[in-house]
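Trainee: Okay, predicted coordinates and the sequence, questions at the end:
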Amino acid sequence: MLFNSISFVIFFPIVLLAYFLMPVRFRKVWLLITNYFYYMCQGPVYALLLLYSTITTYGAGLLTGRFRDNEKAKKCTLFGAVVLNLGILFYFKYFNFFMDNIGIDPGFRVILPVGISFYVFQVIGYIADVYRGKIEPEKDPVRYALFVSFFPQILAGPIGRAPELLPQFDEIHEFDYDRVRHGMLRMLWGYFMKLVIASRLSIAVELIFENYSSCSGWQLLLGAAAYSVQIYCDFASYSILALGTAEILGFRLIENFRQPFLAVSLADLWRRWHISLMNWFRDYVYIPLGGSRKGTVRKHLNTLIVFTLSGLWHGAAWTYVMWGFLSGVLQIIGTLTKPIRLRITEMSPWKSDIAHGIHVFYQRIVTFLLFTFTVVFFKAPDIPTALGIIRGVFTDMHVSDILSRQIFQIGLGVKNLAIVAVMMAVLFAVDSINEKTGDAAQVLLSKKWYIRWVVYYFFVIMILCSANIGAAQFIYFNF
C-alpha cells in the first residue's frame, strides 16, 4: 500500500476519521492496529520480524534500566539487543550478496522485507539512547510498539528518535484545521515531486542507463544529472508525504531533506540529504569511533568508514559500497582543500553582491556535478557499467550533438521535455522559498485565497495528468 496508491487514498481518510472521532483512551490501540495492518499489506509474514524487533528491544530497554548501576550488565544487554536486530538485517539483506560473492548456491533466495533497514536502525538508536541515559526505558509496551511501527515512516523513514517521537504518543491530538491544511499541502507537494517530476524523469534515466553504450557523452551526463534529481524527488517526496500524513494526525517527524541541491559543498549537501540517516551514523557510529577527537588521520578514517557503511546500508551490492566509499573520499578531499578554497575566495578582488551570487552559483553547480558523479554507481547495475558511463561522459562529448539536438533524444518526447523543464523551475522555486523562509507551505497559506487555489488546481491537475507515467514504486523501498 504505497502513498501514491488508490488503496492508501481510501485507507488514510478512514484511519483519520476514526482517530479523531473515537474516545482518546482508544486511540493508541486503534493506531497500533492501523500500523500493523498497513505493514502487513506489504507482506503479512514480515510483521513477525517487526514484532520480533519490538519485543527484543523493549525487553532490552527494561533490562538496561534494571542494570542501571552495573555497567558490564548494561553493555552485555546493549550488545545482545544490537546483535539480535542486526542479525536479522544481515540475514535478510546481505545473505544473497554473501553467498554470491563466495560462489555458493544455497538453492534459495532470501526476500528483503520492506522497511527493515529503517526500523532496525530506529530500535538500535532507542536502546543506545537508553544505555547512554538520554532517555528512560519505555515501560508501556503499546507506546513502544507505536514508536517502532508508526505507519507514515515504517517503510522508508525518516528514522525516528525516541526522545522526540515517543512522548508524542501520550499527547492528545485534536482536529486542528490549520494543522491539517498545512499537512495536506505538504502531501500535495510530495505527490507532485514523485508523480510529476521523479516518475517522469525515470523514463529517460532507465533508457540512458540501459543503453549507455549507444549514448553520446552529453546524453550520459544528462541522464546522470536526471537521476540525481529523480532520486532526490523520489525519496524526498516519500519523506514529505510521511511528514504530511503524520502532521495531519498531530505528530511531528524529523525533516529528512533540506534543499540539498542548494548546498555549496559536499559537506553542506550531506548535512541536508537523508538527515535522519546521516545523523544516526554520526551519533551511533562516527562519534563512538572517536569522531574528530583523535587526530586528523583518525577523523578522516572514521569519515570513510561511515560513508562506506552508509553505502552498504543502502544495498547489498558493490556499486553501493563504491558509492559510499567515493562519497567519503570526496568528503575528505573537501575537508583538506577547504582552507585553500577559503583563502582563494578571500583574495578575490570582486566583492560585490553580483560576484558573490556568481560564486555561490558556481559552488552549487560543482557540488551537484560531484554528487552526480557518485550516484552513477548508485544507479548502475554493476561497477563496469558505471565506469563505462563515466568514461563516455569524458571521452564522447561533441558540440555537434548539441547543435543537432541529439542530446535531447532521451525517450521523453517534446511535450514531456517541456513539462520537465517547467517543473524543474517550480522545484527550484519551492526549494529557494524553503531555503529563505523555512516553510514554503506556510508562505502559500498566507497568500490570498485566489492565489492559493490557483496553485492548488495547478498541482492537482499536473498530478492527475502524471498518475500513470514512469515508475510508481519509491526507490528507497528497495533499501
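Mentor: Looks like it came in fine.
Trainee: what's in contact with stretch 111-125?
Mentor: When contacts are defined by Cβ atoms under 8 Å, 6 or more residues apart in numbering, stretch 111-125 is touched by residues 39, 42-43, 46, 49-50, 53-54, 56-57, 81-82, 85-86, 88-89, 92-93, 147-149, 153-157, 159-162, 277, 280, 283-284, 313, 477-479. All C-beta spots, glycine's among them, are computed from the backbone N, C-alpha and C.
Trainee: Now list the buried members of those residues.
Mentor: Burial by neighbour count, judged by 16 or more other Cβ atoms under 10 Å, picks out 39, 42, 46, 49-50, 53-54, 56-57, 81-82, 85, 88-89, 92-93, 147-149, 153-157, 159-162, 277, 280, 283-284, 313, 479 from the contacts of stretch 111-125.
Trainee: mind saving the C-alpha coords of stretch 344-361 as PDB?
Mentor: Extracted C-alpha coordinates of stretch 344-361, given in PDB (Å, rounded to 0.1, in the frame of the first residue of the first chain):
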ATOM      1  CA  ILE A 344      41.200  31.900  -2.700                       C
ATOM      2  CA  THR A 345      37.800  33.300  -2.100                       C
ATOM      3  CA  GLU A 346      39.100  35.900   0.300                       C
ATOM      4  CA  MET A 347      41.800  37.000  -2.200                       C
ATOM      5  CA  SER A 348      39.300  37.600  -4.900                       C
ATOM      6  CA  PRO A 349      39.100  41.300  -5.900                       C
ATOM      7  CA  TRP A 350      35.400  41.000  -6.700                       C
ATOM      8  CA  LYS A 351      33.400  41.700  -3.500                       C
ATOM      9  CA  SER A 352      30.000  42.800  -4.900                       C
ATOM     10  CA  ASP A 353      26.700  41.100  -4.400                       C
ATOM     11  CA  ILE A 354      26.700  40.000  -8.000                       C
ATOM     12  CA  ALA A 355      30.200  38.500  -7.700                       C
ATOM     13  CA  HIS A 356      29.100  36.700  -4.500                       C
ATOM     14  CA  GLY A 357      26.000  35.400  -6.300                       C
ATOM     15  CA  ILE A 358      28.100  34.100  -9.200                       C
ATOM     16  CA  HIS A 359      30.500  32.400  -6.700                       C
ATOM     17  CA  VAL A 360      27.600  30.700  -4.900                       C
ATOM     18  CA  PHE A 361      26.100  29.500  -8.200                       C
END
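Trainee: buried ones in that stretch?
Mentor: With burial defined by 16+ other Cβ under 10 Å, not one residue of stretch 344-361 is counted as buried.
Trainee: Stretch 31-38 too?
Mentor: Using 16+ other Cβ under 10 Å as the burial criterion, the residues of stretch 31-38 that qualify are 31-32, 34-36, 38.
Trainee: Helices - which of those residues land there?
Mentor: Secondary structure from DSSP state H places 31-32, 34-36, 38 of the buried residues of stretch 31-38 in helices.
Trainee: which residue ranges form the helices in the stretch 251-400 of the chain?
Mentor: With DSSP state H, counting those that start in this stretch, the ranges of helices along the stretch 251-400 of the chain come out as 266-270, 275-281, 296-314, 318-347, 353-379, 383-395, 399-403.
Trainee: Contacts for the second one next, please.
Mentor: By Cβ under 8 Å, 6+ apart, the surrounding residues in contact with helix 275-281 are 121, 125, 157-161, 254-258, 270-271, 306, 309-310, 313.
Trainee: same check, this time on the third one
Mentor: The contact list for helix 296-314 (Cβ under 8 Å, 6+ apart) reads 117, 121, 277-278, 281-282, 285-286, 289-292, 320-325, 327-329, 331-332, 335, 378, 479.
Trainee: relative to helix 318-347, how tilted is it?
Mentor: Inter-element angle recorded for helix 296-314 and helix 318-347: 140 degrees (by axes from the mean of the first three to the mean of the last three Cα atoms, to 10 degrees).
Trainee: Which residue ranges of the stretch 1-150 of the chain form helices?
Mentor: Under the criterion DSSP H, counting those that start in this stretch, helices of the stretch 1-150 of the chain are mapped to 6-21, 27-40, 47-66, 71-102, 116-132, 141-149.
Trainee: Would you convert the ones you listed into TSV that also reports distance to residue 187 and mean pLDDT?
Mentor: Formatted as TSV, the entries for the helices of the stretch 1-150 of the chain read as follows, by distance: least, Cβ to Cβ, whole Å; pLDDT from 0 to 100:
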stretch	distance to residue 187	mean pLDDT
helix 6-21	9	92
helix 27-40	16	94
helix 47-66	25	94
helix 71-102	30	92
helix 116-132	20	95
helix 141-149	21	96
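Trainee: Output those as a markdown table; include the columns distance to residue 228.
Mentor: Listed next are those as a markdown table, based on distance: least, Cβ to Cβ, whole Å:
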| stretch | distance to residue 228 |
| --- | --- |
| helix 6-21 | 27 |
| helix 27-40 | 31 |
| helix 47-66 | 32 |
| helix 71-102 | 25 |
| helix 116-132 | 22 |
| helix 141-149 | 32 |
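Trainee: For residue 231, which of those is the nearest?
Mentor: helix 116-132 (16.1 Å; Cβ to Cβ).
Trainee: What are the boundaries of the strands in the stretch 151-300 of the chain?
Mentor: Counting by DSSP state E, counting those that start in this stretch, one finds no strands in the stretch 151-300 of the chain.
Trainee: Tell me the predicted confidence for residue 424.
Mentor: As summarised for this prediction, residue 424 has a pLDDT of 88.
Trainee: shouldn't it be in contact with residue 197?
Mentor: Yes - with contact defined as Cβ atoms under 8 Å, residue 424 counts as touching residue 197 (7.3 Å).
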